[in-house]
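Student: Fold the following for me, if possible:
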Amino acid sequence: MTDSVERKSPIVDTPADSDTEVSGGDAPINEKRLLRKLDYHLLPAVGVLYLLSFLDRSNVGNARIEGMLDDLHMTGNQYLTGLTLYFVAYVLFEYRISLFFSAASLAGAFGGVLAYGIGRMSGIVWQHGWRWIFILEGILTVIVAIAAYWFIHNYPDTAKFLTPDERRHIHQRLAADSDATNDEKFTWSAVSDALKDVDCWLYGLGFHTMSLPLYTLSLFLPRLHRRQSPTPDRAPYAFAFLTTIAAAVLSERTGQRALFIGGAALFGAVGYAILLSNTAPRERPGVSYAGTFFAAGGIYPAVALVLSWPAINVSGQTKRAVANALQISVGNLGAVLGTQLYRAADGPRFIVGHSVALAYLLANVLVVSLLWWRLRRENRRRDNVAAAAPVAEGFSDWKGDADPRWRFEY
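Tutor: Sure thing, here's the model as predicted:
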């Protein structure tokens, strides 16, 4: 997976890290300054929304160690059954996810600290403080969601912080890099194209093999670390935030997707191998703690990159929307399965849970390797048919990613 990928050529061929000025109408546009301006206005806002989204999904693990099971008189595997029912509903109702996944690892770190502080509210109304975790974090999400109506910008035309020349320039970049500006009508044939495309299912399987270790880690980590220090699970998540950012930057600069996804999955697999090798986790908790750094540091960047893959490679707005929905739906079925793996009777080694997570990470390497081979082969076949071309407005004969002028990133 080391071959360089043929990237789709933009109309305005000026690197994002340069200070080159290009004509955008009445005034020249400094691309570096413009892209930083977009990052400043868009990334923090969407990152906060995703942080809260993942926080709400993972705080049940923190609520458990704050006395939830005792107060609800849960016995045996009733807790796992509740998780399963939640994730079934979650899979049914979720549609799309953005790439801003580094915020998910921050949610793990932030959630542990926040839950610990909220958990100290024991005795206020209720004996244990776990209810306040759901109440206060839920209220925060609702408030931010309402406020998002005013601080989330949907499109260049509605972004008030952009000048008319900057809007025109962004439209040029969007037209060159994707079909986002094309006027495409919904058709059922495009839906069918996505469902019949093997690669779309492989994108889903790529996320499926990562969602199980992703969610089981967030639910298992608080139980593993609760006796070590008040908020010991924050450090692996902080490390995962750094590895996610590093992998995303390197993947974008090198044009490599499968290499970094598979490499991150192998890095996470090392963590589960360490967890399984520790035959006495109570006596040697430090060994297991080290394993969670590898697990978190590999899982989060792999998930971030695999989620972005169909958004980059699937052309045709309807087909891409279906491919993204398919990826999320198929992928999150792994989370449903994962909720039943860490049973109370399996502790403290949790051989079944760790083994399945390890197997899934290795399976992910196989899936992304297959995708790499398929996309690379298709690009080489197309090289003999037509030259690569940007997705520009005005291509009346554009056939989406089936067009021989389209090139995939692998």
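Student: Now for Trp126: which residues touch it?
Tutor: Applying C-beta atoms under 8 Å, 6 or more residues apart in numbering, we find Trp126 in contact with 71, 132. (C-beta placed from N, C-alpha, C; glycine too.)
Student: Helix, strand, or coil at it?
Tutor: Three-state assignment for Trp126 (DSSP: H, G, I helix; E, B strand; the rest coil): coil.
Student: For Val22, report the pLDDT, please.
Tutor: pLDDT recorded at Val22 is 54.
Student: whoops, Ala402 was the one
Tutor: On the pLDDT scale, Ala402 is placed at 84.
Student: What's the local residue count around it?
Tutor: Look at Ala402: counted by other C-beta atoms under 10 Å, it has 12 neighbours.
Student: My guess is it contacts Asp193. True?
Tutor: Yes: using C-beta atoms under 8 Å, Ala402 is in contact with Asp193, at 7.5 Å.
Student: Just give me the residue right at the centre of the chain.
Tutor: Ala304 (3.6 Å; C-alpha atoms, centre = their mean).
Student: The stretch 1-150 of the chain: strands as residue ranges?
Tutor: Counting by DSSP state E, counting those that start in this stretch, one finds strands in the stretch 1-150 of the chain at the ranges 21-23, 28-30.
Student: one step back: the helix or strand hosting the residue nearest to the centre of the chain: which residues count as buried?
Tutor: In this assignment (DSSP states H and E), Ala304 forms part of helix 285-313. By 16 or more other C-beta atoms under 10 Å, the buried positions in helix 285-313 come out as 285, 288-313.
Student: repeat for stretch 240-258
Tutor: Those would be 240-241, 243-244, 247-248, 251-252, 256-258, for stretch 240-258 by 16+ other C-beta under 10 Å.
Student: of all those residues, which comes closest to Ala359?
Tutor: Taking C-beta to C-beta as the measure, Ala359 sits nearest to Ala258 out of these, at 19.4 Å.
Student: so what's the closest one up against?
Tutor: Shown in contact with Ala258 (C-beta under 8 Å, 6+ apart): 1, 368-369, 371-372, 410.
Student: Which of these has the largest number of neighbours?
Tutor: Greatest neighbour count in those, by other C-beta under 10 Å, goes to Val368: 31 neighbours.
Student: State the distance from the residue nearest to the centre of the chain to Ala246.
Tutor: Separation of Ala304 from Ala246 (C-beta to C-beta, to the nearest Å) stands at 11 Å.
Student: average pLDDT across the helix holding Ala304?
Tutor: Helix 285-313 comes out at a mean pLDDT of 92.
Student: Can you name every helix or strand that that helix contacts?
Tutor: Helices and strands touching helix 285-313, by 3 or more C-beta pairs under 8 Å, 6 or more residues apart in numbering; DSSP states H and E, are helix 102-119, helix 198-225, helix 234-254, helix 258-277, helix 317-338, helix 351-383.
Student: Nearest to His169, out of those helices?
Tutor: Taking C-beta to C-beta, helix 234-254 is the member of those nearest to His169, at 20.2 Å.
Student: quick one: average confidence on that closest one?
Tutor: Helix 234-254 shows a mean pLDDT of 90.
Student: Report the inter-axis angle for it versus helix 258-277.
Tutor: Between helix 234-254 and helix 258-277, the angle comes out at 160 degrees (axes from the mean of the first three to the mean of the last three C-alpha atoms, to 10 degrees).
Student: Show me what helix 234-254 packs onto, helices and strands only.
Tutor: Looks like helix 234-254 contacts helix 102-119, helix 258-277, helix 285-313 (3+ C-beta pairs under 8 Å, 6+ apart).
Student: Farthest-apart pair in the buried residues of stretch 240-258, please.
Tutor: Taking C-beta to C-beta, no two of those sit farther apart than Phe241 and Ala258, at 22.6 Å.
Student: The residue nearest to the centre of the chain contacts Thr244, doesn't it?
Tutor: Yes: Ala304 is within contact range of Thr244, at 5.3 Å (criterion: C-beta under 8 Å).
Student: pLDDT value on Asp346, please?
Tutor: Predicted confidence (pLDDT) for Asp346: 85.
Student: Could you do Phe207 as well?
Tutor: For Phe207, the pLDDT comes out at 95.
Student: Next one: it from Leu214, what distance?
Tutor: Look at Phe207 and Leu214: by C-beta to C-beta, they are 9 Å apart.
Student: what do you get for Ile274?
Tutor: For Ile274, the distance to Leu214 equals 18 Å [C-beta to C-beta].
Student: Looking at the two, which has the bigger crowd around it?
Tutor: Shown here are Ile274 and Leu214; by other C-beta under 10 Å, Leu214 has more neighbours (28 against 19).
Student: Verify the contact between the more buried one and Asn332 for me.
Tutor: No: with contacts counted by C-beta under 8 Å, Leu214 stays clear of Asn332, the gap being 9.7 Å.
Student: Can you report how many residues lie near Ile143?
Tutor: The tally of other residues near Ile143 (other C-beta under 10 Å) stands at 11.
Student: so which helix or strand takes in Ala387?
Tutor: Applying DSSP H and E, one finds Ala387 in no helix or strand.
Student: burial of the spatially closest residue to it that is not a sequence neighbour, as a residue count?
Tutor: Excluding the flanking residues, the one nearest Ala387 by C-beta to C-beta, 6 or more residues apart in numbering is Arg405, at 6.8 Å. Residues contacting Arg405 under the criterion other C-beta under 10 Å number 17.
Student: my read is Arg405 is in a helix, agree?
Tutor: No: going by three-state DSSP, the assignment for Arg405 is coil, not a helix.
Student: Show the pLDDT at it.
Tutor: pLDDT for Arg405: 81.
Student: these two touch, right, it and Ala388?
Tutor: Yes: assessed by C-beta under 8 Å, Arg405 is found in contact with Ala388 at 6.1 Å.
Student: Find the residues that touch each one of the two.
Tutor: Taking C-beta under 8 Å, 6+ apart as the contact rule, Arg405 and Ala388 both touch Arg382.
Student: Now the phi/psi pair for Thr187, please.
Tutor: When read as degrees, to the nearest 10, the backbone of Thr187 gives phi -140, psi 140.
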